[in-house]
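S.K.: Okay, predicted coordinates and the sequence, questions at the end:
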Amino acid sequence: MELARDDEPLWFVLVARRNNSLSSRGRYAVLGSLGLITLAISLAFAFHGAWLILPFAGAEILVLYLAFRVIDRHSGDFESISISANRVLIERWETGQVDRQELNRQWAQVVLQPASRGWGEVLAVRSHGRQIEFGRHLTSAQRRQVARTLKEQLRSAD
């Protein structure tokens with residue numbers, strides 16, 4: 001992966017990653033322990049005559065397994081923004097696919113605006129009618145800090 005051309009050294013690089021508190025192995029250990037606890041409880045109920053608990057317990061574990069698979073699939077997602085002398089490169093890596101957007105550094109503006117849906121703020125870089133969102137995995141406080149840092153970096157590059 002080449003972030004800058006040979007004649008264009010990078011001045012600033014920022015990477016935003018998801019907060020994965022458990023490794024893939026840890027997630028499946030938690031899922032296994034939840035499965036064993038659910039099986040033990042449902043077998044106790046089945047032993048006392050409530051045998052319909054078993055299929056619902058199996059469905060519960062299946063849904064948890066599918067949720068953990070989605071989390072595992074997106075655990076490596078990240079975004080990066082690179083500022084060089086003439087351009088701003090924003091990359092979004094999601095499930096192994098990369099989306100690269102390049103903007104002219106002299107025209108790039110950092111925008112922090114209220115989200116159209118829900119709460120919080122949206123951090124974006126805007127230039128020539130295009131607006132590229134950045135920092136989906138950041139908290140609101142982190143977005144504000146990143147916005148200040150990006151504005152400083154774009155100004156200092158002049």
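M.R.: Noted; the coordinates are in hand.

S.K.: From here on, just use CA atoms for contacts and neighbour counts.
M.R.: Noted.

S.K.: Contacts only, for His138.
M.R.: Not quite, residue 138 is Leu, not His. Ala16, Arg18 (Cα atoms under 8 Å, 6 or more residues apart in numbering).

S.K.: what domains does the record give for the protein?
M.R.: 10-18+76-156, 24-73 (automatic domain parsing).

S.K.: Which of the ones you listed has the highest mean neighbour count?
M.R.: domain 10-18+76-156 (a mean of 16; mean count of other Cα atoms under 10 Å).

S.K.: still on that earlier bit, could the domains of the chain be laid out in TSV, adding mean pLDDT?
M.R.: Converted to TSV, the domains of the chain look like this (pLDDT from 0 to 100):
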stretch	mean pLDDT
domain 10-18+76-156	87
domain 24-73	93
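
S.K.: Tell me the secondary structure of Ile81, please.
M.R.: Look at Ile81: counting by DSSP: H, G, I helix; E, B strand; the rest coil, its state is strand.

S.K.: Now Tyr28, what are its backbone angles?
M.R.: Backbone torsions of Tyr28, given as degrees, to the nearest 10, read phi -70, psi -30.

S.K.: can you check Thr149 too?
M.R.: phi -60, psi -40.

S.K.: How about the one 5 residues further on?
M.R.: When quoted as degrees, to the nearest 10, the phi and psi of Leu154 stand at phi -70, psi -40.

S.K.: And it, how close does it get to Gly32?
M.R.: Taking Cα to Cα, to the nearest Å as the criterion, Leu154 is separated from Gly32 by 48 Å.

S.K.: what ranges do the helices span in the protein?
M.R.: 24-47, 53-73, 140-156 (DSSP state H).

S.K.: I'd like these as JSON lines, with distance to Ser116 appended.
M.R.: Shown next, in JSON lines, are these (distance: least, Cα to Cα, whole Å):
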{"stretch": "helix 24-47", "distance to Ser116": "33"}
{"stretch": "helix 53-73", "distance to Ser116": "25"}
{"stretch": "helix 140-156", "distance to Ser116": "14"}
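
S.K.: Against Ala44, how distant is Arg155?
M.R.: 66 Å.
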